[in-house]
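> Output the structure for:
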Amino acid sequence: MGPRTRCESHIESPNAIPLSDSPQGPPVIRSLIALVLLLGLSLMEATAAQPLAGKRPNIIFVLTDDQGYGDISAHGNPILKTPHLDRLHARALRFTDFHVSPTCSPTRSALLTGRHEFKNGVTHTILERERLTPKATTLAQVLKDAGYTTGIFGKWHLGDEPDRWPDKRGFDEMFIHGCGGIGQSFSGSCGDVPGNSYFNPTILHNGKFEPTTGYCTDVFFAQATRWIESVKGGDQPFFCYIPTNAPHAPLHVPAADEARYQRHNQPANVAKFFGMIANIDDNVGRLLDQLNEWGLENDTLVIFMNDNGGTVGVPVFNAGMRGQKVTPWLGGTRASSFWSWPGVLMPADCDRLAAHIDFLPTLAEIAGAKLSPKVQSQVEGRSLVPLLENPKAEWPDRTLFTHVGRWPKGANVNDHKYAGCSVRVPRWHLVSEGNGTARWQLFDLSADPGEKTNVADKFPDVVKKLDAEYDAWWASLPPYLVNEDAVGPKDNPFKELYVKQFGQLPSTDSPPRKQ
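This is a model prediction of the structure:
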């Protein structure tokens, strides 16, 4: 870890009352002021410098679906207002160069395992290729082994078959919908309850389907809050994972939330999309207020992220980045990453290159979890603890690989080696939109963060080096691609279980009786 740096502080009050006729007050007063400021800065430094390893806070992780980096007002969005996410942003350690995968399941698998999604067998979001290999150890299992109680409330999207549910992967409490979105259904293993809706959704709760009342995001946060209340007084810290399905399409939103952003000469889907995010923001605000009311703020690490770049088909602000979801450009992978822990983490920006694969080792270290040799060999990421303690700490260069995946089922994987892929190091981004052959473009992010000017011809040695790293990485993948030829079940598991529980498919007229 590098040397710690002083966090600069500037305090002003427009209504300050002069202490004397002198602009700076008499010498005694000036000395007292200097002493108070010095003590304040020292306390701030001491707070920032607290060792985090083994502190074992409660952990709440909110992961939104298809909300891009630019879909937060604190990131410069000129229309959208997110006061509660802004509040979280203001008091958080913020990673400003944090990257995830270009789509849903891949990101989730990397977050929960500490390694690239392809090495988890996850190369798509459907077609059995969304299923997390049973051989992987998840973050929930690591935390549970370290004495945490664990719960998930929302979108799983890593396998809908019972042997792949969250309750088999380390979660004590399970409250989820199926597939990649509420009501979605595909042939094989990936599908939700038939006909399910964003309003009053039927949810799988600890192995049984339950009807709910309300809008899906409200339902997930409310259930998570009830669960936190039930476990907060126990001997165990808790890990509460809230992966919303909003604002993923279809853009179904409460009318009142949509009305906040209805404007003339604007596509209707923008108001719906922003309304879904406003609803998320309201729920984040209520959760933060509840933690304060319970007196848990200083004992709880709250983390907020989005799962991939901005949604496709909605013309919104993208923070000057190229690309969006399902692309290898920065606009497809850059994510918000706010880490808030009042009294422990100092609010600051950290510009070091970080990624989803760092999530597991970071939380494991903070939780004091001892990783087995098997898990150590699984994890490819780094603990972010040195940067959480000091955002200017030394951080060795690294190489990150992105691939959109999603090639057709049964295709020769090598035919798609260069289809939507990239290699990232701190300064450079090498991107290919080709297919069978590489068509590399190189961007100098230090001068061109919007990726507008291809400089591959000017820096052939950089292209050659990064291409060789990509080639070696790709060659390492075949043993891990375990889902490519997988055959799914005849019926979606959620559909089959629903019929088994209720004796019939759901009616569109009324929800099933609770059993």
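> just checking, what packs against the helix or strand where residue 144 lies?
Using DSSP states H and E, residue 144 falls within helix 139-145. Packing partners of helix 139-145 (3 or more C-beta pairs under 8 Å, 6 or more residues apart in numbering; DSSP states H and E): helix 104-113, strand 149-155, strand 238-243, helix 359-367. Every C-beta, even on glycine, is put in place using the N, C-alpha and C of the backbone.
> hmm, try it at 6 Å
Using 3 or more C-beta pairs under 6 Å, 6 or more residues apart in numbering; DSSP states H and E, the elements in contact with helix 139-145 are strand 149-155, helix 359-367.
> export those to TSV and tack on mean pLDDT?
Output for the helices and strands packed on helix 139-145, formatted as TSV (pLDDT from 0 to 100):
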stretch	mean pLDDT
strand 149-155	98
helix 359-367	98
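> Now mean neighbour count and distance to residue 163 too, for these, in TSV please.
Shown next, in TSV, are the helices and strands packed on helix 139-145 (neighbours: other C-beta atoms under 10 Å; distance: least, C-beta to C-beta, whole Å):
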stretch	mean neighbour count	distance to residue 163
strand 149-155	26	16
helix 359-367	24	22
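> Can you check which of the ones you listed gets nearest to residue 373?
Closest to residue 373 of the helices and strands packed on helix 139-145 is helix 359-367 (C-beta to C-beta; 13.9 Å).
> With only the CA atoms kept, save that closest one in CSV.
Taking only C-alpha atoms (Å, rounded to 0.1, in the frame of the first residue of the first chain), the coordinates of helix 359-367 have been written out as CSV:
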residue,chain,number,x,y,z
PHE,A,359,-16.0,-7.6,-5.4
LEU,A,360,-15.7,-11.1,-3.7
PRO,A,361,-12.1,-10.7,-2.5
THR,A,362,-12.8,-7.2,-1.2
LEU,A,363,-15.9,-8.3,0.9
ALA,A,364,-14.1,-11.4,2.0
GLU,A,365,-11.3,-9.4,3.5
ILE,A,366,-13.6,-6.9,5.2
ALA,A,367,-15.6,-9.8,6.6
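> Low-confidence ranges, the stretch 101-250 of the chain, go.
Nowhere does the stretch 101-250 of the chain drop to pLDDT under 70.
> Touching, residue 393 and residue 386? I think so.
Yes - Residue 393 is in contact with residue 386 according to C-beta atoms under 6 Å; the separation is 4.5 Å.
> coming back round to it: what residues does the helix holding residue 144 touch?
The contact list for helix 139-145, computed with C-beta atoms under 6 Å, 6 or more residues apart in numbering, reads 112, 150, 169, 170, 171, 239, 360, 364, 367, 369.
> Which residue ranges make up the domains of the chain?
Following automatic domain parsing, one finds the domains of the chain at 58-389, 407-479.
> Endpoint to endpoint, the shortest one covers what distance?
What that stands for is domain 407-479. With C-alpha to C-alpha, to the nearest Å as the measure, domain 407-479 spans 18 Å from end to end.
> I'd like the numbering to begin with 4 instead of 1 from here.
Let's use 4 as the start, then, which means that last one is domain 410-482.
> how about the one residue sitting closest to the centre of the chain, what does it touch?
The centre of the chain sits closest to residue 308, judged by C-alpha atoms, centre = their mean, with a distance of 3.4 Å. Residue 308 makes contact with 66, 338, 339, 340, according to C-beta under 6 Å, 6+ apart.
> So for the strand or helix carrying the first one, mean pLDDT?
Put plainly, it is residue 66. Using DSSP H and E, residue 66 sits within strand 61-67. For strand 61-67, mean pLDDT is 98.
> what's the following helix or strand after it?
The first helix or strand that comes after strand 61-67 along the chain, using DSSP H and E, is helix 86-93.
> could you give the angle of that next one to strand 61-67?
Angle of helix 86-93 versus strand 61-67, following axes from the mean of the first three to the mean of the last three C-alpha atoms, to 10 degrees, is 120 degrees.
> now helix 86-93: mean pLDDT?
Mean predicted confidence for helix 86-93 is 98.
> helices and strands around the very next helix or strand once past that helix, which ones?
Next in sequence after helix 86-93, counting helices and strands by DSSP H and E, comes strand 95-98. Here strand 95-98 touches strand 340-343, strand 351-353, going by 3+ C-beta pairs under 6 Å, 6+ apart.
> Out of these, which gets nearest to residue 499?
With C-beta to C-beta as the yardstick, what comes closest out of the helices and strands packed on strand 95-98 is strand 340-343 (37.7 Å).
> Okay, now the sheet partners of the closest one, with direction.
Strand 340-343 has the following strand partners under DSSP bridges: strand 95-98 (antiparallel), strand 303-309 (antiparallel).
> Compare the ones you listed and give me the one nearest residue 357.
strand 95-98 (4.9 Å).
> Now the element after that closest one, going C-ward?
strand 101-102.
> Looking at that following strand now, give me its mean pLDDT.
So the average pLDDT for strand 101-102 ends up being 98.
> How about residues contacting that strand?
Contacts of strand 101-102 (C-beta under 6 Å, 6+ apart): 336, 337, 338, 340, 357, 358.
> per-residue pLDDT, the last one?
What that stands for is residue 358. pLDDT at residue 358 comes out at 98.
> ok, back up a step: what about dumping the CA coordinates of the helix holding residue 147 to CSV?
Taking C-alpha atoms only, helix 142-148 is exported to CSV below (Å, rounded to 0.1, in the frame of the first residue of the first chain):
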residue,chain,number,x,y,z
LEU,A,142,-19.6,-14.8,-2.2
ALA,A,143,-22.7,-15.8,-0.2
GLN,A,144,-21.0,-19.1,0.7
VAL,A,145,-17.8,-17.3,1.7
LEU,A,146,-19.7,-14.9,3.9
LYS,A,147,-21.9,-17.6,5.4
ASP,A,148,-18.8,-19.6,6.3
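> can you give me how far that helix is from the chain middle?
Taking the mean of its C-alpha atoms, helix 142-148 sits 18 Å from the chain's own mean (C-alpha atoms, centre = their mean, to the nearest Å).
> What ranges does the stretch 404-518 of the chain have for its helices?
463-478, 496-505 (DSSP state H, counting those that start in this stretch).
> What are the buried residues along the last one?
Spelled out, it's helix 496-505. For helix 496-505, the neighbour count (16 or more other C-beta atoms under 10 Å) marks 496, 497, 498, 500, 501 as buried.
> Over to the first one?
The neighbour-count check on helix 463-478 (16+ other C-beta under 10 Å) flags 465, 466, 468, 469, 470, 473, 476, 477 as buried.
> Could you look over the domains of the chain and pick the most buried one?
Among these, domain 61-392 has the highest mean neighbour count (mean count of other C-beta atoms under 10 Å), at a mean of 21.
> Can you measure across it, start residue to end residue?
Terminal residues of domain 61-392 lie 18 Å apart, using C-alpha to C-alpha.
> rewinding a little: any chance of the helices and strands packed on strand 95-98 in TSV with distance to residue 269 and mean pLDDT as columns?
Putting those into TSV (distance: least, C-beta to C-beta, whole Å; pLDDT from 0 to 100) gives the following:
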stretch	distance to residue 269	mean pLDDT
strand 340-343	28	98
strand 351-353	31	98
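> I appreciate the help and will end here.
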